[in-house]
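K.L.:
Okay, sequence plus prediction incoming.
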Amino acid sequence: MSVLQTARPAWKTDEVMLLEEECAKFFTRELKPHVEKWREQGKVDRWAWEKTGEAGLLCMSIPEEYGGAGANFAYEQVFMEQQVKAGVEGFGASLHNCIVAPYILHYGTEEQKRRWLPRMATGELVGAIAMTEPGTGSDLQAVRTTALKDGNEYVINGQKTFITNGQTANIIIVVAKTDPSEGAKGVSLMVVETDEVEGFRRGRNLKKLGNKAQDTSELFFDDVRIPTANMLGTEEGQGFFQLMQQLPQERHQIGVMGMAAIEKALELTINYTKERTAFGRPIIKFQNTQFKLAEAKAKATMAKVFVDYCTGELIAGRLDAATASMSKMLLSDLENEIIDECLQLFGGYGYMDEYPISRMYADARVQRIYGGTNEIMKLLIARTL
């Protein structure tokens, strides 16, 4: 039960509610007990992907003919929400389910879809997308990685960094220039099956402020040869358009996870302030505590309504880039604001790593950066003025 009393959105059907319960049980029973180990080793064990696939929770929004459940984004949303609420850190399934698989579904050939998607649904293949480079972040037109045609192959050369699932993924969509002279029009998306190629190397599993259980990596491509059939789309130069088409779902997904973190932070903090005493009474009895939590709950309630609205628009195919950018920007900003206030109410314990609020504080910070920085979100929103 959420600490927020918002109305149940129309897209949250009885079937979705049942899935929500199943996801909560799955994360709590199967994955949560292993989080400490994953934090120590810096990545989630490979078996967790296969276990999630066996439970039918990977690629749920992919059509049944390609191994998915034929569901919509509502199913992916409750999966993400329950992962956050269960405290299963580092499991990059949302990127696998909601970003990598949809690229293949929307732009892949029939042969590509039948080859890769069923294996992604079982967890045999773990997906990643390699956009960012050491000198290129939000400006994807400036990527320097190349994929140059040589007969019936493309030869990929370049370096990527900050790649989620980078140590684990064995199917990676690489943003590369097939025509370096063409700027945005020269960008294409290439699918690299890491077990099938030579010249691919994983660099460091990067040490980060938060998300300690998430493998985030450098990747190197040194004369990596892939068949021309591994390009997504029917012709070269479609990559930038493909990226722009899929970004609304990616950005709203960040908003969804931010909202789930806000709800969890409020729940943890309300419970803590009811139990913790100071000067002979629970700290929730102090007016400052009440006002801080009341303000947080009011802001969170408005945010929840907006997130649910955006999800409805996404399911209906109407979520535009600017509104998705609002979801990403507003929710990630609010997530950081509310978790900071919640940590303060925990006092010294809030700074201790053993308390979930401490980890949530560190994990929240990247939400304002990846998927396009919040400054980029403001530029995209400003274009609609």
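P.N.:
Structure received.

K.L.:
Mind jotting down where the strands sit in this protein?
P.N.:
127-130, 146-150, 153-164, 171-177, 187-193, 200-205, 216-227, 231-232, 277-278, 281-282 (DSSP state E).

K.L.:
Most tightly packed of those strands?
P.N.:
strand 127-130 (a mean of 27; mean count of other C-beta atoms under 10 Å). Where you see a C-beta, it was placed from the backbone N, CA and C, and this is true even at glycine.

K.L.:
Below-threshold pLDDT in the stretch 51-200 of the chain: ranges please.
P.N.:
Across the stretch 51-200 of the chain, nothing is flagged by pLDDT under 70.

K.L.:
For this protein, which helix extends over the most residues?
P.N.:
helix 239-275 (DSSP state H).

K.L.:
out of the strands of the chain, which comes closest to Thr269?
P.N.:
strand 281-282 (12.6 Å; C-beta to C-beta).

K.L.:
Quick one: residues in contact with that closest one.
P.N.:
273-276 (C-beta atoms under 8 Å, 6 or more residues apart in numbering).

K.L.:
who does the longest helix of the chain touch, helix- and strand-wise?
P.N.:
Contacts defined by 3 or more C-beta pairs under 8 Å, 6 or more residues apart in numbering; DSSP states H and E place helix 239-275 against helix 73-86, helix 101-107, strand 171-177, strand 187-193, strand 281-282, helix 287-315, helix 321-346, helix 356-364.

K.L.:
quick one, which of those is nearest to Met377?
P.N.:
helix 321-346 (3.9 Å).

K.L.:
My guess is Cys98 contacts Met60. True?
P.N.:
No. The criterion here is C-beta atoms under 8 Å, and Cys98 misses it with Met60 at 9.8 Å.

K.L.:
so how far is the longest helix of the chain off the chain centroid?
P.N.:
9 Å (C-alpha atoms, centre = their mean, to the nearest Å).

K.L.:
Give me the mean pLDDT for that helix.
P.N.:
Throughout helix 239-275, pLDDT has a mean value of 95.

K.L.:
now swap in stretch 10-26 and tell me
P.N.:
Confidence for stretch 10-26, expressed as mean pLDDT, is 98.

K.L.:
quick one: buried residues of that stretch?
P.N.:
Within stretch 10-26, the residues scored as buried using 16 or more other C-beta atoms under 10 Å are 11-12, 16, 19-20, 22-24, 26.

K.L.:
rewinding a little: could you export the strands of the chain to a markdown table, including columns for distance to Leu243?
P.N.:
Formatted as a markdown table, the strands of the chain follow (distance: least, C-beta to C-beta, whole Å):
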| stretch | distance to Leu243 |
| --- | --- |
| strand 127-130 | 9 |
| strand 146-150 | 15 |
| strand 153-164 | 14 |
| strand 171-177 | 7 |
| strand 187-193 | 8 |
| strand 200-205 | 22 |
| strand 216-227 | 18 |
| strand 231-232 | 11 |
| strand 277-278 | 51 |
| strand 281-282 | 50 |
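
K.L.:
Looking at the ones you listed, which is nearest to Ala382?
P.N.:
So among those, strand 187-193 is nearest, using C-beta to C-beta, at 24.0 Å.

K.L.:
and the closest one, which strands flank it?
P.N.:
strand 171-177 (antiparallel), strand 231-232 (antiparallel) (DSSP bridges).

K.L.:
Distance to Asn336 added to the ones you listed, as TSV?
P.N.:
TSV is the format used below for those (distance: least, C-beta to C-beta, whole Å):
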stretch	distance to Asn336
strand 171-177	28
strand 231-232	34
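
K.L.:
Mind checking these for the one nearest to Asn152?
P.N.:
strand 231-232 (11.6 Å).

K.L.:
next one: the closest one to chain centre, how far?
P.N.:
On C-alpha atoms, centre = their mean, the centre of strand 231-232 falls 22 Å from the chain's centre.

K.L.:
mean confidence for that strand?
P.N.:
98.

K.L.:
do stretch 289-303 as well
P.N.:
Computed over stretch 289-303, the average pLDDT equals 98.

K.L.:
Residues in contact with it: which ones?
P.N.:
Taking C-beta under 8 Å, 6+ apart as the rule, stretch 289-303 contacts 3-6, 259, 262-263, 266, 269-270, 273, 283-284, 330-331, 334, 337-338, 341-342, 344-345.

K.L.:
how about that stretch: buried residues?
P.N.:
289, 292-293, 296-297, 299-300, 303.

K.L.:
Stretch 74-88 too?
P.N.:
Residues 74-88 are the ones in stretch 74-88 that count as buried (16+ other C-beta under 10 Å).

K.L.:
How about exporting that stretch as CSV, limited to the C-alpha atoms?
P.N.:
This file holds the C-alpha atoms of stretch 74-88, laid out as CSV (Å, rounded to 0.1, in the frame of the first residue of the first chain):
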residue,chain,number,x,y,z
ALA,A,74,1.9,-0.9,-17.7
TYR,A,75,3.5,-4.4,-17.1
GLU,A,76,7.0,-3.0,-17.4
GLN,A,77,6.1,-0.1,-15.1
VAL,A,78,4.9,-2.3,-12.2
PHE,A,79,8.0,-4.5,-12.7
MET,A,80,10.3,-1.4,-12.3
GLU,A,81,8.3,-0.1,-9.3
GLN,A,82,8.4,-3.4,-7.4
GLN,A,83,12.2,-3.7,-8.1
VAL,A,84,12.8,-0.3,-6.6
LYS,A,85,10.5,-0.9,-3.6
ALA,A,86,12.0,-4.3,-2.9
GLY,A,87,15.5,-2.7,-2.8
VAL,A,88,16.9,-4.9,-5.6
